[in-house]
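Student: I would like to see how this sequence folds:
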Amino acid sequence: MKLDDIKDRIPQPLYNSLLPDIEEFRPAQVKSINAGLLEKKNLLVCTPTASGKTLIAELAMVKNILENKGKAIYIVPLKALANEKFKDFKKRYSSYLKIALSIGDLDSTDNYLSGYDLVVCTAEKLDSLIRHKAEWLSKVATVVVDEIHLLNDPHRGPTLEILITMLKDILPNLQLIALSATIGNPKDLAKWLNANLVIDSWRPVELHKGICYKNEVEFE
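Tutor: Have a look, this model is predicted:
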């Protein structure tokens, strides 16, 4: 599937932003589009690292923003990753979207975020915003949870699970996109998220498995 194949299904500014870099979609991206990505369906995307998961999220977030469905939130587990995604999104979309990074004070409603279209934050920060009843959250249409396999993490998992539960409750029309490279029980998680499951094994660089013994590697 090529970018031109969905030209009529996405806003023109989004198409123009992708055109310099994207000509043909990767397998996971094609599966996601076919699974209802552009029709506001919830998705759980389980594909290897560097297989194109972030673009899947971008298609949903930017499309919904430009079509006046509502704001978007991109949740990451680490501040360093939040900074990286913020810079990437600013580079591609800042000409027509207002993009914010919110990873600071956990005891604030950050009311200034009401003037932004796309907010990149950590799970802990969003949890704080919900508990402080930030009014702008009611205008959110799309939430992306990156590294959702951290639900199994003993430290971050409980916060993330409660966060997703609250989001589903306060935003009944939310489109939720969950991303991960590794999940042990994808079907169960997809059912809990009420999401269509997208699984693909394609990766840009082939992975070889082997055993290293006495400085020699024997591949399978």
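
Student: who's in contact with the residue nearest the centre of the chain?
Tutor: Centroid-nearest residue in the chain, with CA atoms, centre = their mean: Val144, separated by 3.3 Å. If a contact means CB atoms under 8 Å, 6 or more residues apart in numbering, then Val144 has 57, 60-61, 72-75, 176-179 as its contacts. C-betas here are computed from N, CA, C, even on glycine.

Student: among those, which are located in strands?
Tutor: Among those, the members falling in strands (DSSP state E) are 72-75, 176-179.

Student: quick one: distance of stretch 28-46 to the chain centre.
Tutor: 12 Å (CA atoms, centre = their mean, to the nearest Å).

Student: list the buried residues for it?
Tutor: Neighbour counts over stretch 28-46 (16 or more other CB atoms under 10 Å) mark 28-33, 35, 37-38, 40-46 as buried.

Student: state the distance from Gly210 to Trp136.
Tutor: To Trp136, Gly210 is 51 Å away according to CB to CB, to the nearest Å.

Student: same drill for these two, tell me which one is more crowded.
Tutor: Neighbours were counted for Gly210 and for Trp136 using other CB atoms under 10 Å; Trp136 has more, 17 against 10.

Student: so what sits opposite the closest residue to Thr142 other than its chain neighbours in the bridge?
Tutor: Nearest non-adjacent residue to Thr142, counting by CB to CB, 6 or more residues apart in numbering: Ala72, 4.2 Å away. Going by DSSP bridges, Ala72 is paired in beta bridges with Leu118, Thr142.

Student: ok, Lys2 next?
Tutor: Glu24.

Student: could you pull out the helices for the chain?
Tutor: Using DSSP state H, the helices of the chain run over residues 12-18, 27-34, 53-66, 79-93, 123-131, 157-170, 186-193.

Student: and the residue nearest to Thr142, what does it touch?
Tutor: By CB under 8 Å, 6+ apart, the contact set of Ala72 is 60-62, 64-65, 117-119, 140-144.
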